[in-house]
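Student: based on what follows, work out the 3D shape:
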Amino acid sequence: MISVFGITDRGVLRSQNQDCCAYEGNGQDRAWGVVCDGMGGAKAGDIASRIGIEVFREYMTQKAKESEPEKWGELLREAVEKGNHVIHHCAMTDRDCQGMGTTLVGAFLEKEVATVINVGDSRAYHINEQGINRVTRDHSIVEALVARGSITPEQARVHPQKNLITRALGTSRTVESDVYETTLKIGDWLLLCSDGLINEMRDDEIHQAVIGERDPEAACTKLLDIALAREASDNVTILAFRLEAPEEKE
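Tutor: You can find the predicted model right below:
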């Protein structure tokens with residue numbers, strides 16, 4: 001059984017929340033979720049993230065029921081490409097939306113298999129008793145520097161260019177996304193989040209906070225409370241899935 005919950009907050013210093021999330025589960029063995037972090041202008045970032053979410057939601061609710069497991073990655077790519085097309089068209093035709101875009105991290109789960117897609121620096125983590133493993137790779141300047149060995153992950157956290165991403169939905173006619181697959185065991189978590197959480201908490205802190213909980217709502221609320229207590233400078237969005245044994249809900 002898969003349980004899921006998501007939460008978003010504008011943070012302490014931002015006047016507007018340009019993050020957005022959506023999720024749905026059938027109460028049994030299927031669930032999906034998506035997190036977007038918008039960018040570009042006073043209102044455009046909000047529009048971009050909302051479009052990304054709504055297109056993803058449309059694909060999951062209308063097409064996921066017809067999809068076979070081997071096509072989940074293809075389904076997620078289609079959702080991202082469609083979202084990119086709509087956002088880019090809006091940015092090109094509406095002066096107020098010029099330059100807007102959004103990151104996206106999404107997941108489709110059936111039983112123990114999670115298929116994950118990302119564009120930008122919103123992340124997915126696989127969490128269990130043994131530790132926390134980042135499923136996605138950021139599309140960012142600092143991630144490229146880390147991959148080349150030019151800086152350490154610790155240096156990346158405070159690098160002056162840490163917020164510069166190299167991919168986003170809506171910034172060009174086409175978008176390149178990465179798809180991953182991970183297998184969960186009973187008690188494991190899949191966590192999706194915007195960089196507002198990452199800015200405030202290290203991976204080991206996220207692991208420690210989540211692993212002490214059994215309910216996704218409690219885990220998300222706990223993480224958000226920690227980020228806000230640290231005066232979160234950005235919007236914060238967290239979405240958590242947990243693979244549960246059937247008897248846990250009895």
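Student: report the contact partners of residue 72.
Tutor: Contacts of residue 72 were listed using C-beta atoms under 8 Å, 6 or more residues apart in numbering, and they are 108, 110, 115. For the C-beta atoms, the positions are set from N, CA and C on the backbone; glycine is no exception.
Student: residues near the first one, how many?
Tutor: It refers to residue 108. If you count neighbours by other C-beta atoms under 10 Å, residue 108 ends up with 25.
Student: give me the below-cutoff pLDDT ranges for the protein.
Tutor: 41-43, 65-70, 247-250 (pLDDT under 70).
Student: tell me where it has strands.
Tutor: 2-9, 19-25, 30-39, 101-110, 113-119, 123-128, 131-134, 178-183, 189-193, 236-243 (DSSP state E).
Student: any idea which of those strands gets closest to residue 208?
Tutor: Closest to residue 208 of the strands of the chain, according to C-beta to C-beta: strand 131-134, at 9.0 Å.
Student: mind listing what's buried along that closest one?
Tutor: For strand 131-134, the neighbour count (16 or more other C-beta atoms under 10 Å) marks residue 132 as buried.
Student: in CSV: the strands of the chain, plus distance to residue 49.
Tutor: Below are the strands of the chain laid out as CSV (distance: least, C-beta to C-beta, whole Å):
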stretch, distance to residue 49
strand 2-9, 10
strand 19-25, 4
strand 30-39, 3
strand 101-110, 5
strand 113-119, 12
strand 123-128, 16
strand 131-134, 22
strand 178-183, 19
strand 189-193, 14
strand 236-243, 9
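Student: so which of those strands is nearest residue 203?
Tutor: With C-beta to C-beta as the criterion, residue 203 lies closest to strand 131-134 of the strands of the chain, at 5.1 Å.
Student: neighbouring strands for the closest one, and are they parallel or not?
Tutor: Sheet pairing of strand 131-134 (DSSP bridges) gives strand 123-128 (antiparallel).
Student: the partner strand to strand 30-39, inter-axis angle?
Tutor: 140 degrees (axes from the mean of the first three to the mean of the last three C-alpha atoms, to 10 degrees).
Student: pull the longest helix along the chain out as CSV, backbone CA atoms only.
Tutor: Longest helix in the chain by number of residues (criterion: DSSP state H): helix 72-93. Output in CSV follows, covering the C-alpha atoms of helix 72-93 (Å, rounded to 0.1, in the frame of the first residue of the first chain):
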residue,chain,number,x,y,z
TRP,A,72,5.8,4.8,-17.4
GLY,A,73,9.0,6.7,-18.3
GLU,A,74,7.5,7.5,-21.7
LEU,A,75,4.3,8.7,-20.1
LEU,A,76,6.3,11.0,-17.8
ARG,A,77,8.4,12.4,-20.6
GLU,A,78,5.2,13.2,-22.6
ALA,A,79,3.7,15.1,-19.6
VAL,A,80,6.9,17.1,-19.3
GLU,A,81,7.2,17.9,-23.0
LYS,A,82,3.5,18.9,-23.2
GLY,A,83,4.0,21.2,-20.1
ASN,A,84,7.1,22.7,-21.7
HIS,A,85,5.2,23.4,-24.9
VAL,A,86,2.3,25.2,-23.1
ILE,A,87,4.6,27.2,-20.8
HIS,A,88,6.9,28.3,-23.7
HIS,A,89,4.0,29.3,-25.8
CYS,A,90,2.6,31.4,-23.0
ALA,A,91,6.0,33.0,-22.4
MET,A,92,6.3,33.9,-26.1
THR,A,93,2.8,35.4,-26.5
